[in-house]
Each structure stands twice: as structure tokens, then as C-alpha cells.
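Trainee: A structural model of the following input is requested.
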Amino acid sequence: EAHVLDMGKKGDVAGALNAVADSAGGIAGRIAKQLAKVVGDVKIEVVSNLGSAGEFDPKTNTIKLDSKLGVNAHTFLHEAVHAATSHVLENKSHPVTKQLQKLFEDVKDSLDTAYGAQSLDEFVAEAFGNPEFQAKLQAINPKGEPITAWQRFSNTIQNFLRRMVGMEPTGLTSFDKADE
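Mentor: Residues are numbered from 1 along each chain as shown. Sure thing, here's the model as predicted:
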């Protein structure tokens, strides 16, 4: 993991995310690959005594990782999600924010003490980077809907990322078939 963070500190955050994608595989790997396409000029700093494993500062466009707690792929990926999504989630009238806010409201009472139940920002970051949280979402069918919370989340984000890289959005049905 140290070489990944070295890439990030040298300004190659996309390269660091691609390296995480190659080593992580699965859903986390696919997410890291998509994030690598959209992170732009995000910076990384490793700092002492941050007070948490990591944080993203949208004012400076900087991911900060705690030197003892945050120098790992999970924290890096979690903060990269914040970097890629913060500008959209700040805009309460953005269609993606509205979709994710509704999903969050529909499921937060089913998430008990999960970190992702704290706020929309943490819900999104945990859904991207935490396999245990993803499994929780896969087990929730909001309001008895035929699709899971994870499927709704995945489709919303997939279409958001597709639009960011100039691709057409897909329907939920085609996403499910492509993911099987």
C-alpha cells in the first residue's frame, strides 16, 4: 500500500486509484477504476494526529490520511469517494443528490449503528468503499421494492459516473444483467 500512497503524494491520484483497483478487485476495484477517471487534481497529504483515519477537505481539494490510522486502501478509497462526490452532494437540487437523499432516508432506520447512517456524505462513502456496508444494503428492500438498496445505489452512481465520462446512462435492468 505504501507505493500506492507514494503515487498519490506525487500527484498521481488516478494512478494510485488504478493500483488499488488492480489489487482490490471485485466491486471495490471497479469503483476505484471509475473514481480514477474523475478525481482530477485531488491532492493527498499524510499527517500526524489527524483525529480520524482520513478526511477530505473540499476547500483545498485535499485528501488527508492519518499517518498511523489512515495509510491503507480502505481509507484512501473512502476519502477518494468524498473527493469525487462532494461537489455534487453539496448541491441539494442536483438530481443525483435528490436520488441518493431519498434512498438514504428510505434505509437509514434499517442501518442501526452503521457509520453510513450518520449523514448522506458518509452513506455514500461507506456504500462505495465498505464491503460490510454494501452487504447491509444488499439485504434491504426499501418499502418492499423488488430491488435492493444496493441496486438502487449502484445504478444511481453508475449513471452519475457514466455521465461524467461522457457515456449514456443505463436502466436498472441492464445494470443488473451486466453485473451478474
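Trainee: And the helix ranked longest in the chain, what does it pack against?
Mentor: Longest helix of the chain, by residue count under DSSP state H: helix 73-90. On a contact count with 3 or more CB pairs under 8 Å, 6 or more residues apart in numbering; DSSP states H and E, helix 73-90 meets helix 2-9, helix 13-24, helix 26-38, strand 54-57, strand 62-66, helix 95-107, helix 120-129. Heads up, the C-betas are built off the backbone N, CA and C, glycines and all.
Trainee: contacting residues around the fifth one?
Mentor: For strand 62-66, the external contacting residues (CB atoms under 8 Å, 6 or more residues apart in numbering) are 5, 8, 13, 42-57, 70-71, 75-76, 79-80, 82-83.
Trainee: Any idea how far it is from the middle of the chain?
Mentor: 15 Å (CA atoms, centre = their mean, to the nearest Å).
Trainee: Quick check: mean pLDDT of that strand?
Mentor: Confidence for strand 62-66, expressed as mean pLDDT, is 90.
Trainee: what's the answer for stretch 73-81, then?
Mentor: 84.
Trainee: CA atoms only for it - export them in CSV, please.
Mentor: Provided in CSV are the C-alpha atoms of stretch 73-81 (Å, rounded to 0.1, in the frame of the first residue of the first chain):
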residue,chain,number,x,y,z
ALA,A,73,-6.5,1.3,0.8
HIS,A,74,-9.9,1.3,2.6
THR,A,75,-9.4,4.9,4.0
PHE,A,76,-7.9,6.1,0.7
LEU,A,77,-10.8,4.8,-1.3
HIS,A,78,-13.4,6.2,1.2
GLU,A,79,-11.8,9.7,1.0
ALA,A,80,-11.5,9.5,-2.8
VAL,A,81,-15.3,8.9,-2.9
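Trainee: Since that was my last question, I'll sign off now.
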